[in-house]
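> I would like to see how this sequence folds:
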Amino acid sequence: QVQLIESGGGSVQAGGSLRVSCAVSGRTFSSYATGWFRQAPGKEREFVAAVSPSAGRTGYADSVKGRFTISRDNAKNTVYLQMNSLKPEDTAVYYCAAVRVYSDFYYVTKTSYNYWGQGTQVTVSS
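Down below sits the predicted model:
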């Protein structure tokens, strides 16, 4: 069973930075595509960023492109999301997700991922 545990959320003022991390259990982490999604109150869970197993391919939502960076360390079974120039509209619960893949790609749709973390709150104040 694969388990994902997020950490690093918190509160920050607009323009600030945060890094959230996701530790993934299991010996085959390097075979998993991983993604970050977020959900604000009253809204659908939406795609933020994703990375392929080798980290050679990454994808971002238009709303975060140029401000957020996804990365992963396969030796540490951990995926990161560095968030810079944060805006109040980035406030949400951020979820890490993973799915086993058999080539080096990632998904952007939440229904493609079958393992999820419990989420970590990110609050950006104006």
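> going forward, measure contacts and count neighbours with C-alpha atoms only.
Fine.
> so where is the chain shaky, pLDDT-wise?
Regions of the chain meeting the criterion pLDDT under 70 are absent.
> quick check: Leu4 touching Ser25?
Yes - between Leu4 and Ser25 there is a contact at 6.6 Å, judged by CA atoms under 8 Å.
> list the buried ones in stretch 26-41?
Phe29, Ser30, Ser31, Tyr32, Ala33, Thr34, Gly35, Trp36, Phe37, Arg38, Gln39, Ala40 (16 or more other CA atoms under 10 Å).
> alpha carbons only: can I get that stretch in PDB?
Presented in PDB, the C-alpha positions along stretch 26-41 are these (Å, rounded to 0.1, in the frame of the first residue of the first chain):
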ATOM      1  CA  GLY A  26       6.900   2.200  -0.900                       C
ATOM      2  CA  ARG A  27      10.000   0.900  -2.700                       C
ATOM      3  CA  THR A  28       8.900   1.800  -6.200                       C
ATOM      4  CA  PHE A  29       8.400   5.500  -5.800                       C
ATOM      5  CA  SER A  30      10.600   6.100  -8.900                       C
ATOM      6  CA  SER A  31       7.800   4.400 -10.900                       C
ATOM      7  CA  TYR A  32       5.100   6.800  -9.800                       C
ATOM      8  CA  ALA A  33       4.000  10.000 -11.400                       C
ATOM      9  CA  THR A  34       3.200  12.500  -8.700                       C
ATOM     10  CA  GLY A  35       1.000  15.600  -8.700                       C
ATOM     11  CA  TRP A  36      -0.200  18.400  -6.500                       C
ATOM     12  CA  PHE A  37      -3.800  19.500  -6.400                       C
ATOM     13  CA  ARG A  38      -5.600  22.100  -4.300                       C
ATOM     14  CA  GLN A  39      -9.100  22.700  -3.100                       C
ATOM     15  CA  ALA A  40     -10.500  25.900  -1.800                       C
ATOM     16  CA  PRO A  41     -13.700  26.100   0.200                       C
END
